[in-house]
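# Turn this into a structure:
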Amino acid sequence: MAITDILSAKDIESALSSCQADGSFNYKSFFSMIGLSSKTPDQIKKVFAILDQDNNGFIEEEELHMFLKNFSSSARALTPTEIKDFMTAGDSDGDGKIGMEEFQAMVKA
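As a prediction, the model looks like this:
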């Protein structure tokens, strides 16, 4: 399944344009701009599965580094600070990774 089967390519392009500069990524505005915030829990689960590159049920720091590239191969990598901020916001149980429930909570926040 491609991410564009769930999210609009136009919305993705617009969201990626808004965070091209290092340090400009904000997960809340990104999720809103790509339309993920308004998707059903099942659709969010499908996006999570795409982002979970190693299919272990979690999104870890290594996967966050390439987070934007899941939406477009030409997108930039997240900076260490952006990764840390994303992980801090999403990892509510402190295990060093973001699970499905944590991801859904981030999207709906």
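
# Contacts only, for the residue positioned nearest the centre of the chain.
What sits nearest the mean C-alpha location of the chain, by C-alpha atoms, centre = their mean, is residue 67, with 5.8 Å. By C-beta atoms under 8 Å, 6 or more residues apart in numbering, the contact set of residue 67 is 51, 78, 86. Placement of C-beta: from N, CA and C, glycine included.

# quick one: the second one and residue 61, what's the gap?
To tie it back to what came earlier, the one meant is residue 78. For residue 78, the distance to residue 61 (C-beta to C-beta, to the nearest Å) stands at 10 Å.

# if you count what's nearby, which of these two comes out ahead?
Comparing residue 78 with residue 61 by other C-beta atoms under 10 Å, the one with more neighbours is residue 78, at 23 against 16.

# ranges for the helices of the protein?
In the chain, the segments counted as helices under DSSP state H are 9-17, 27-33, 41-51, 61-65, 80-90, 100-108.

# for these, which one sits closest to residue 3?
helix 41-51 (5.5 Å; C-beta to C-beta).

# ok, and what's touching that closest one?
In contact with helix 41-51 (C-beta under 8 Å, 6+ apart) are residues 1, 3, 6-7, 36, 39, 55, 59, 63, 67, 70, 100, 103-104, 107.

# what's the angle between it and helix 100-108?
110 degrees (axes from the mean of the first three to the mean of the last three C-alpha atoms, to 10 degrees).
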